[in-house]
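**Student:** Sequence first, then the predicted structure:
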Amino acid sequence: MKVIAMNRKAFHDYTIFENFTAGIELVGTEVKSARDHGVSLDGGYAAIENGEVYLHEINIAPYHSGNIFNHKPKRKRRLLLNNDEIKRLYGKVRERGFTLVPIKFFFSNRGWAKVDLALCKGKKLIDKREELKRRAIERQERIEAKRRR
């Protein structure tokens with residue numbers, strides 16, 4: 001598995017409940033650009049429209065050796081999921097207020113472009129502060145444990 005892009009900010013901004021792996025439908029120049037690490041997941045989200053899941057606001061840079069037929073960088077891209085998975089996600093997003101956020105963009109061992117989606121809920125500012133405090137305390141404890149050795 002070759003990881004191309006990670007959405008590290010999502011781990012800070014959202015509480016993640018469940019992960020899904022989905023294939024992504026790309027055109028030729030998008031694949032070439034993605035292999036050159038031209039993908040940014042920041043600010044991206046997935047939405048269910050007409051029984052299909054689409055990625056929005058994902059930036060795949062134009063291919064540097066492309067021509068006039070190069071792709072649009074922020075077009076919406078269809079995700080490849082089973083109907084059962086789509087129905088399950090639709091129910092959770094609609095009823096419980098979850099959000100679908102892309103966490104990781106990668107190429108599988110067989111060369112297929114894949115996206116890890118997370119079913120998340122947004123964190124409030126106070127939750128983010130508490131998590132930062134907890135991490136700082138844990139870091140301090142690890143440092144003190146190393147000193148005692």
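**Tutor:** That came in fine, so what should we check first? Numbers count the residues shown, from 1 in each chain.

**Student:** Contact partners for residue 78?
**Tutor:** Contact analysis of residue 78 by CB atoms under 8 Å, 6 or more residues apart in numbering lists 24, 25, 52, 53, 54, 55. In this view, the C-beta of every residue, glycine as well, is placed from N, C-alpha and C.

**Student:** of all the residues you listed, which two lie farthest apart?
**Tutor:** Largest separation among the contacts of residue 78 by CB to CB: 24 and 52, giving 12.3 Å.

**Student:** Drop anything exposed from the contacts of residue 78.
**Tutor:** With burial judged by 16 or more other CB atoms under 10 Å, the buried subset of the contacts of residue 78 is 24, 53, 54, 55.

**Student:** Export these to CSV and append columns for distance to residue 34, pLDDT and secondary structure.
**Tutor:** Compiled in CSV, these are given as follows (distance: CB to CB, whole Å; pLDDT from 0 to 100; DSSP: H, G, I helix; E, B strand; the rest coil):
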residue, distance to residue 34, pLDDT, secondary structure
24, 9, 92, strand
53, 19, 93, strand
54, 17, 94, strand
55, 13, 93, strand
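
**Student:** Surely residue 21 forms part of a strand?
**Tutor:** Yes. Residue 21: assigned to a strand according to DSSP: H, G, I helix; E, B strand; the rest coil.

**Student:** Hmm, residue 113 and it touching each other?
**Tutor:** No. Using CB atoms under 8 Å, residue 21 is not in contact with residue 113, being 11.3 Å away.

**Student:** Can you pick out the residue with more neighbours from these two?
**Tutor:** residue 113 (22 against 15; other CB atoms under 10 Å).

**Student:** shaky segments in this structure?
**Tutor:** Within the chain, no range satisfies pLDDT under 70.

**Student:** Send over the longest helix seen in it as CSV, restricted to the C-alpha atoms.
**Tutor:** Longest among the helix segments of the chain by residue count, using DSSP state H, is helix 125-148. Provided in CSV are the C-alpha atoms of helix 125-148 (Å, rounded to 0.1, in the frame of the first residue of the first chain):
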residue,chain,number,x,y,z
LEU,A,125,-13.5,23.9,20.8
ILE,A,126,-13.5,22.8,24.4
ASP,A,127,-13.1,19.1,23.4
LYS,A,128,-10.1,20.1,21.3
ARG,A,129,-8.5,21.9,24.2
GLU,A,130,-9.1,19.0,26.5
GLU,A,131,-7.4,16.6,24.1
LEU,A,132,-4.4,18.9,23.7
LYS,A,133,-4.0,19.0,27.5
ARG,A,134,-4.3,15.3,27.8
ARG,A,135,-1.6,14.8,25.1
ALA,A,136,0.7,17.2,26.8
ILE,A,137,0.3,15.4,30.1
GLU,A,138,1.0,12.0,28.5
ARG,A,139,4.0,13.4,26.7
GLN,A,140,5.3,14.8,30.0
GLU,A,141,4.8,11.4,31.7
ARG,A,142,6.8,9.7,29.0
ILE,A,143,9.6,12.1,29.3
GLU,A,144,9.7,11.6,33.1
ALA,A,145,9.6,7.9,32.7
LYS,A,146,12.7,8.0,30.4
ARG,A,147,14.6,10.2,32.9
ARG,A,148,13.9,7.7,35.7
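
**Student:** Cheers, nothing more for now.
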